[in-house]
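**Q** predicted model and sequence follow; I will ask about them next.
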Amino acid sequence: MPPPAHFKEILNQWPPQRVQELILSRTRIDVERALTAAGSMNAENLAALLSPAAEQALEPLAAVSAGWTRQRFGHAVQFFAPLYVSNFCCNGCRYCGFNSATDKTVRGALTVDEAVIEAECLARQGFSHILLVAGEDLRNTPPAYFVELAGRIRHLFSSIQVEIYALTTEEYRQLVAGGVDGVTMFQESYNRDVYREMHAYGPKSDYDNRIDAVERAATAGMTFVGLGALLGINDWREEGFYLGLHADYIQKKYWRSCVSISYPRMRPAFGGEPPPVPVSDANLVQLMSALRANLPDVAMVLSTRELPGFREKMVRIAVTKISAGAKTTPGGYSGATDAEAQFEVADQRPLAEVAQAISAMGFDPVMKDWDRSYD
Ligand code: SF4
């Protein structure tokens, strides 16, 4: 049977009610079977490992996850740093302090020259992988801004990725030509009702355009594509199930691109709201382990939203890529800013301290793991 032409075909086969029924009907025997069969994607096994029944098997599940992580990634932990270039935004995401209705937020957007200074600060700290982050701000940071910025800093980094608004395939191609090699595009929620409720207005309120963006980026030749759901706005088991389907689909169809999944758990944000559906540490361990057991080759990312002890625990179980020393304000690294942060950073340790802690655990902190084959 030919693979689906689009991920939305798969989504249509799995309406939320069917997903919920499958997850809630899984038994202890289903969980045991799924643990034995770990190592490849299977929707029923994923549902079993995400289910309430699997909460009684959290330790064996984490052990299975750790085993696959060591087998596929060894002890390497890659580091990256986010570089926020603008906190202006025309969208109305209810959970974010940068949304356009938050009139108390002190806004800031870096010129390309200012962003280069920030990038140089990060390069001096030793970072080789950088993630450019911006709200949807076409006036200050249109696609051409990122093309120009990437061109100015590409000699400093082995990988430049972006976490910005959804672009067209042609715009993604321009970014690739400029030196950008990866796109992170969180769907936030795969549940259309929740998505509509959380994104009342602005271009981001278009669910289909956002979910298509990942494929446009891969089609344009992005080496790295990152998926994620904002944990805390909907049932994490349901979101985890869709994340697994999405990552599996992208991995198979766009095999030239490396897929990653991030696990942003809602943090208090200036002007934002508390999580409607809180996700506990145990929930997050189960979610990441269940996905690792089904997707052994997918990189797993955990940011400084999480506390040091929890991040280190998750490095043993599933995580292969982490940020460090992160500032979520435009201009935060060089210190020339009054702008507000997007969310509170829980792990405030500098890069050297995080790297040392990772080494002390017997893991290898990696600043760069590949070189560009051409420039
Ligand atoms: S989450 Fe992103 S798109 Fe939404 S308001 Fe915040 S910065 Fe804008």
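**A** Cool, the structure landed. Numbers count the residues shown, from 1 in each chain.
**Q** show me what the helix or strand hosting Glu114 is packed up against.
**A** If you go by DSSP states H and E, Glu114 is part of helix 112-125. The contact analysis (3 or more CB pairs under 8 Å, 6 or more residues apart in numbering; DSSP states H and E) places helix 112-125 against strand 76-86, strand 129-134, helix 143-153. Just so you know, the C-beta spots here come from the backbone N, C-alpha and C atoms, and that holds for glycine as well.
**Q** kindly recompute the last result at 6 Å.
**A** Judged by 3 or more CB pairs under 6 Å, 6 or more residues apart in numbering; DSSP states H and E, helix 112-125 is in contact with strand 76-86, helix 143-153.
**Q** and the first one, does that touch the ligand?
**A** Just to be clear, that refers to strand 76-86. No: Strand 76-86 lies apart from the ligand when judged by CB under 6 Å from any ligand atom; the minimum separation is 8.8 Å.
**Q** mind listing what's buried along that strand?
**A** Residues Val77, Gln78, Phe79, Phe80, Ala81, Pro82, Leu83, Tyr84, Val85, Ser86 are the ones in strand 76-86 that count as buried (16 or more other CB atoms under 10 Å).
**Q** next one: stretch 181-200
**A** Buried residues in stretch 181-200 (16+ other CB under 10 Å): 181-191, 194-195, 198-199.
**Q** pull the CA atoms of that stretch into PDB?
**A** Coordinates of each C-alpha in stretch 181-200 appear next as PDB, following Å, rounded to 0.1, in the frame of the first residue of the first chain:
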ATOM      1  CA  ASP A 181      19.700  23.700   8.100                       C
ATOM      2  CA  GLY A 182      16.800  23.100  10.400                       C
ATOM      3  CA  VAL A 183      13.300  24.100  11.400                       C
ATOM      4  CA  THR A 184      11.500  23.500  14.700                       C
ATOM      5  CA  MET A 185       7.700  23.800  14.300                       C
ATOM      6  CA  PHE A 186       5.600  22.800  17.300                       C
ATOM      7  CA  GLN A 187       2.000  22.000  16.500                       C
ATOM      8  CA  GLU A 188       1.300  23.000  20.100                       C
ATOM      9  CA  SER A 189      -1.900  20.800  20.000                       C
ATOM     10  CA  TYR A 190      -2.900  18.200  17.500                       C
ATOM     11  CA  ASN A 191      -6.500  18.400  18.700                       C
ATOM     12  CA  ARG A 192      -8.300  20.800  16.400                       C
ATOM     13  CA  ASP A 193     -10.700  22.000  19.100                       C
ATOM     14  CA  VAL A 194      -8.000  22.700  21.600                       C
ATOM     15  CA  TYR A 195      -5.900  24.400  18.900                       C
ATOM     16  CA  ARG A 196      -8.800  26.700  18.000                       C
ATOM     17  CA  GLU A 197      -9.400  27.600  21.600                       C
ATOM     18  CA  MET A 198      -5.700  28.400  22.200                       C
ATOM     19  CA  HIS A 199      -5.100  30.300  19.000                       C
ATOM     20  CA  ALA A 200      -8.000  32.700  18.600                       C
END
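**Q** what average pLDDT does that stretch get?
**A** The average pLDDT for stretch 181-200 rounds to 97.
**Q** how far does that stretch sit from its chain's centre?
**A** 12 Å (CA atoms, centre = their mean, to the nearest Å).
**Q** 55 is where my numbering starts, stick with that
**A** Will do, 55 is the new start, and the previous item becomes stretch 235-254.
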